[in-house]
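Undergrad: Predicted model, plus sequence, below.
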Amino acid sequence: MVTRDFHYLLAAVACPAHSEADAWHGPRPNLKESAPKKIAIITRLCHEYVALKRSDLRHPRLRILEVEIQNLDTQLCFIKRPAELLVGIVQRYYRQNLDSVETGLALGVKPPAVRQTIWRLHRTWKRMRHHT
């Protein structure tokens, strides 16, 4: 049961778009398979960012591209080392009482990703308790 619970938590945190039924019963998406697609998107966005920055330093799309690239980079971090990040976030946030900034710095992820992960874990745990 522990392994199943961990896979459920991992699926809920890493792929929140999938339904609860998918996480419990259906096939789990292989997170590593999505990495090359995300890398290709980041590469394309980086090229666009550099081209815009060279032409106009104040272009409004620059900030949007920065955020999109950072979000994809964080997703790649979770794909590459999901268990390490999930356990690290829980350990540092709950056991060591670090805030999201300190936890993020220790693990190499942004504080909003830490807060979002904590929120998703909490929501998933509540759903698991009602499901059993």
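TA: Right, received. Where do you want to start? Numbering: from 1, shown residues only.
Undergrad: Got phi/psi on residue 50?
TA: Per-residue torsions, residue 50: phi -60, psi -40 (degrees, to the nearest 10).
Undergrad: Report how many residues lie close to it.
TA: As a burial measure, residue 50 scores 11 neighbours (other CB atoms under 10 Å). C-beta here means a position set from N, CA and C on the backbone, and glycine is covered the same way.
Undergrad: now it: how far from residue 124?
TA: According to CB to CB, to the nearest Å, residue 50 stands 38 Å off from residue 124.
Undergrad: In contact with residue 32, which residues?
TA: Neighbouring residues of residue 32 by CB atoms under 8 Å, 6 or more residues apart in numbering: residue 79.
Undergrad: Any stretches of the protein with poor pLDDT?
TA: Applying pLDDT under 70 to the chain flags the ranges 1-29, 132.
Undergrad: How about the residue in it that sits furthest from its center?
TA: residue 55 (32.0 Å; CA atoms, centre = their mean).
Undergrad: so where does the most centrally placed residue in the chain fall, helix or strand?
TA: Central residue of the chain (CA atoms, centre = their mean): residue 75, 4.4 Å from the mean position. Under the criterion DSSP states H and E, the helix or strand holding residue 75 is helix 61-80.
Undergrad: Any chance you could give me the helix or strand following that helix in PDB, C-alpha atoms only?
TA: From helix 61-80 onward toward the C-terminus, using DSSP H and E, the following helix or strand is helix 82-90. What follows is helix 82-90, C-alpha atoms only, in PDB (Å, rounded to 0.1, in the frame of the first residue of the first chain):
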ATOM      1  CA  PRO A  82      10.700  13.400  -8.400                       C
ATOM      2  CA  ALA A  83      11.200  11.300  -5.300                       C
ATOM      3  CA  GLU A  84      14.200  13.400  -4.200                       C
ATOM      4  CA  LEU A  85      12.200  16.600  -4.500                       C
ATOM      5  CA  LEU A  86       9.000  15.300  -2.900                       C
ATOM      6  CA  VAL A  87      10.800  13.800   0.100                       C
ATOM      7  CA  GLY A  88      13.100  16.800   0.300                       C
ATOM      8  CA  ILE A  89      10.200  19.200   0.400                       C
ATOM      9  CA  VAL A  90       8.300  17.300   3.000                       C
END
